[in-house]
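In: Pasted the sequence and its predicted model underneath.
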Amino acid sequence: MPPAISLPASADYAALLPAFVVALVPLLILFVDLFYRESGPWRRVVAAGLAIVWLIVAGVLQGLQYPHDYAAFGGAFVQGGFSIVFSEIVIVATIATLLLSLGVGRDDQVAGTTALLLWGASGAMLMAGAANLMTVFLGLELLSLALYCLCAMSKRQTARESAIKYLILSSMASGFLLYGSALLFGATGSVQFSALATAAVTPLLALGAGLFLVGLAFKLSLVPFHAWTPDVYEGAPLPITAFMSVATKAGTLAVLARFAYAALPSGHREAILLPLWVLAALSMLVGNLGALAQTDMKRLLAYSGIAQLGYIVVALAGTTALGLRYALLYLAGYTFMNLGAFAVVALMSRDGDAVVALPRFAGLAHRRPWLAAAMTLFLIGLAGLPPTIGFTGKILILAASVGAGYAWLGGVLIVGTAISAYVYFKIVRVMFARVDPAHVRDERSGNPLPWIAVGVCAVATFVLGLVPFTPSNVLPLVK
Amino acid sequence: MTLTALVLGPIVAGLLVYAIPRRQWPLATALAATVAGLTFVLAVADPHAADASARWLSRPFAAAFHLGFGPVSYWIVLLLALCTFGGALAIRGHRGRDVAAQLLMLQGAMNGVFLAKDMLLFALFWDLMLIPVFLVLVQSSPHPRVAWKYLIYNLCGGLALLLATAAFGVVAGTTDVIGNPAAQPGIGTAWGLWIFAGFAFAFLIKTPVFPFHTWMPDTYAELPPPVVASVSAVQSKAGLYGFLVIGLPFLAPEMAQARTLMMVLGSVALIYGALAALAERDAKRVVAYSSLSHLGLILIAVFSGSPLALAGAVVYIVAHGLFSGALFLVLGAVEQREETRDLARLGGLGRRNPKLAGALMLGALAALGLPGLAGFSGEILILTGIFKAGFVWPALVALVAIVLASAYMLRLFQDMMNGPEVPDLPERRDLTWTEGIAVAPLVAGFVLLGVNPGLVVGMLTEAARAAGH
């Protein structure tokens, strides 16, 4: 019997409306930009302003759908608490990226980069709700293609290297993902996650799931698929690095979580996912060990991100409902802490995109106390110390992993966190230690907007730690 | 309200102190001393303050922002207020503002540790109190190594504590249990030992106990005197306090299992600390190692299971805080004058500085356990307790250590205050009024507690009676 085909209803489009808004605004931005003959600050402000306003609109539209769970397009896109939280994280990251990027790049490029950024964001939002293999791939490619271009948008020589590296390695990851998808389709005859979950387990299905997970691990930069991350982060423009470190991870993590929770036969789920937990453990250790030796802030944050993603994947271990909520919570916390740290770095270079190495932080607490205080809060949070979401999130992840029978992962998380203390407190130490002011280059950004990001992120880092809100309606993930 | 103010007040005040220009450090220290004095008055005025509680987590286990006085913590909060007060008054110099700010934040965080009635909140403040000390070390010490040693050691302990707390929460369903003997969650044997191991690891590092002590002498030597008084007097008690309020009520079988090991560790610390204090030439390190020795004795008392020794442990916790705080402040005053702590380079200070010598003498006598001062009250209760409970050899080890204590404490006094005056030392002034006011409350405290240890014990027995034991 051929599967019943139903025409999409208006509610289907409503579920996708926020992503549509984010995907269509670039056309408006590019159109408006056509009317500028000369370069000037207004050209930037209009492009970024339009983008931010419409992102906020999209965020509100997204939020309005919160109480409803809806499977659009026959289950290809599932809108619910889960996808909404991920999408909101992507929107926050995109707005922060725009705030950081106002001084970066040429004036006549800004409309283009803003458009690409929004298309990338819409791809990530699509991934957040994707519940079939095709939607996943569509969202992922939309995101990745935009990022290939964005990575090259810097005057630095390494930017092109970074873009090429990202293009080649990420394409390979996409290839893994696509091949895995094909095998999964071959094994089950369906691209729907819900159909995969009820299929009989065959070696083909296991192989397909394995390749699919490898593709995702690549995008999440879990060890041993992480080697591209520091180089790409280092070369890409700073705001794009900030975007990649949060939005890409959020989108991919949404797919990973949905796949792990809803697309695997429940009896064999643990066996298929065991390698993933091993990758998480390796990421926590290797990421933090790798960060020990870094002095460039972008590389340091790249390695730190590898480890932080490891922590989040630990929350998923055992695929419990609570674990999923804590993964979301910690991801939200990571978003604010990481974006905050990037915003601080942006405020420390004149054009918002210079190489910021560790010695530049010397004595920051005495020169720019507010900036140093904010950075300290973000670093303390990333290190998992109170009073931040880093602490609360980590204890909840620990509790989830212990409760799910993965106490060993909790142990690895503790070891990784202990190593990471040196990474983050190295920066704190440099900021607070006494230095001769003559030896320090004090560069300030001409763009004050990152301060907004710093302020919002600092408040969120602190408040989320005291009031760890998690959405209760994260399950079910497929219909 | 009182309890929230005790925790948040100093932290907020500490942040406000940063708004004072660096040049006006005397204002910062005055503000810090005022805040510390106010916390003392607040705690004295309202000893029966109602618990403050607000829900924090309901899943995966219940946790609350729950603060309350306990029979032990009440005294420690008072002690900490005195140490912070004295420390704030002892702050000198252009870095004074930052030290004052961090001293206040440290007080708030440590008040949080001792007032927390929820294990998760306890863990939160436990980790939080690392940060001000780390920042002080970074700013005051020329050796970054020391700050790292402090942070890494204590953070490893803090993380073990976090894992143990999470496991406790998952197994027991709630962490809101401290000081609530009615809530006796059954921790199965399979988990109990692991959870205890996590807690014990954290507590042993923080105390510290041999072999986890190596961060301690360095940290104490490098910290400025105002901060080291608080750290030595109060922060080092956090681990022992943890054994008292988390170990004894909730992990009693595991505590009993670990008894021999802990007695051995305590005894080693007792002797090792005493011998190291004898060999050390740096005055601050002498007192640091003496702390190692004294805290080993308290550890033995806590694990002996004897009620008498436990009462002694609590008395001695407070007593040690009082006299070690006073000693570090006096040593700080000496260091400020003579620009050295090297016992070989000091000498004959007593002749022209009778007040300084007197203060040091009182502190040293309390530390070596002279009857009539607080150290004795604690020691005699502990020794009687463990002897009666049948632990003869630890009692004998402790006796040896007490004899050694007289040796190193008197040597400390002798080398600094007696003997021929060393000619090349800078100008000498006797204890100033401010310094006197800084040390006086602590000295008064250990004299009072020496004469009337029932003050502390009374609250304990009251609590025990209320709990129906």
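Out: Cool, got the structure. Residues are numbered from 1 along each chain as shown, chains lettered A, B, ... in the order given.

In: Report all helices and strands that the longest helix along chain B contacts.
Out: When chain B is parsed with DSSP state H, its longest helix is helix B:307-338. Of the remaining helices and strands, those touching helix B:307-338 by 3 or more C-beta pairs under 8 Å, 6 or more residues apart in numbering or on different chains; DSSP states H and E are helix B:73-90, helix B:225-230, helix B:237-242, helix B:283-304, helix B:354-368, helix B:374-388, helix B:433-451, helix B:454-466. Using the backbone N, CA and C atoms, a C-beta is placed for each residue, glycine as well.

In: touching chain A at all, the third one?
Out: What it means is helix B:237-242. No: Helix B:237-242 does not reach chain A (C-beta under 8 Å from any C-beta of the partner chain); its nearest approach is 14.9 Å.

In: Output the helices and strands packed on helix B:307-338 as JSON lines; include the columns mean pLDDT.
Out: Below are the helices and strands packed on helix B:307-338 laid out as JSON lines (pLDDT from 0 to 100):
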{"stretch": "helix B:73-90", "mean pLDDT": "94"}
{"stretch": "helix B:225-230", "mean pLDDT": "92"}
{"stretch": "helix B:237-242", "mean pLDDT": "95"}
{"stretch": "helix B:283-304", "mean pLDDT": "94"}
{"stretch": "helix B:354-368", "mean pLDDT": "92"}
{"stretch": "helix B:374-388", "mean pLDDT": "92"}
{"stretch": "helix B:433-451", "mean pLDDT": "91"}
{"stretch": "helix B:454-466", "mean pLDDT": "78"}
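
In: mean confidence for the longest helix of chain B?
Out: Mean per-residue pLDDT for helix B:307-338: 92.

In: Then stretch A:471-479?
Out: Rounded mean pLDDT across stretch A:471-479 is 77.

In: Can you dump the C-alpha atoms of that stretch in PDB for me?
Out: Output in PDB follows, covering the C-alpha atoms of stretch A:471-479 (Å, rounded to 0.1, in the frame of the first residue of the first chain):
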ATOM      1  CA  PRO A 471      11.200  23.300  29.700                       C
ATOM      2  CA  SER A 472       9.100  20.300  30.800                       C
ATOM      3  CA  ASN A 473       7.600  19.500  27.400                       C
ATOM      4  CA  VAL A 474      10.700  18.300  25.600                       C
ATOM      5  CA  LEU A 475       9.300  14.900  24.900                       C
ATOM      6  CA  PRO A 476       8.100  13.300  22.600                       C
ATOM      7  CA  LEU A 477      10.500  14.200  19.900                       C
ATOM      8  CA  VAL A 478       8.700  12.700  17.000                       C
ATOM      9  CA  LYS A 479       5.100  12.200  16.000                       C
END
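
In: Give me the residues contacting that stretch.
Out: A:66-67, A:69, A:71, A:75, A:78, A:80-82, A:84-85, A:131, A:192-194, A:197, A:257-258, A:261-263, A:321, A:324-325, A:328 (C-beta atoms under 8 Å, 6 or more residues apart in numbering or on different chains).

In: Give me the buried positions along that stretch.
Out: A:474-475, A:477-479 (16 or more other C-beta atoms under 10 Å in any protein chain shown).

In: what's the answer for stretch B:135-149, then?
Out: B:135-141, B:146-149.

In: Tell me how far stretch A:290-303 lies from the chain's centre.
Out: 18 Å (C-alpha atoms, centre = their mean, to the nearest Å).

In: now swap in stretch B:279-291 and tell me
Out: On C-alpha atoms, centre = their mean, the centre of stretch B:279-291 falls 16 Å from that of its chain.

In: same for the host helix or strand of A:K165, what does it pack against?
Out: Assigned by DSSP states H and E, A:K165 belongs to helix A:157-188. For helix A:157-188, the packing partners by 3+ C-beta pairs under 8 Å, 6+ apart come out as helix A:133-151, helix A:193-198, helix A:203-220, helix A:228-235.
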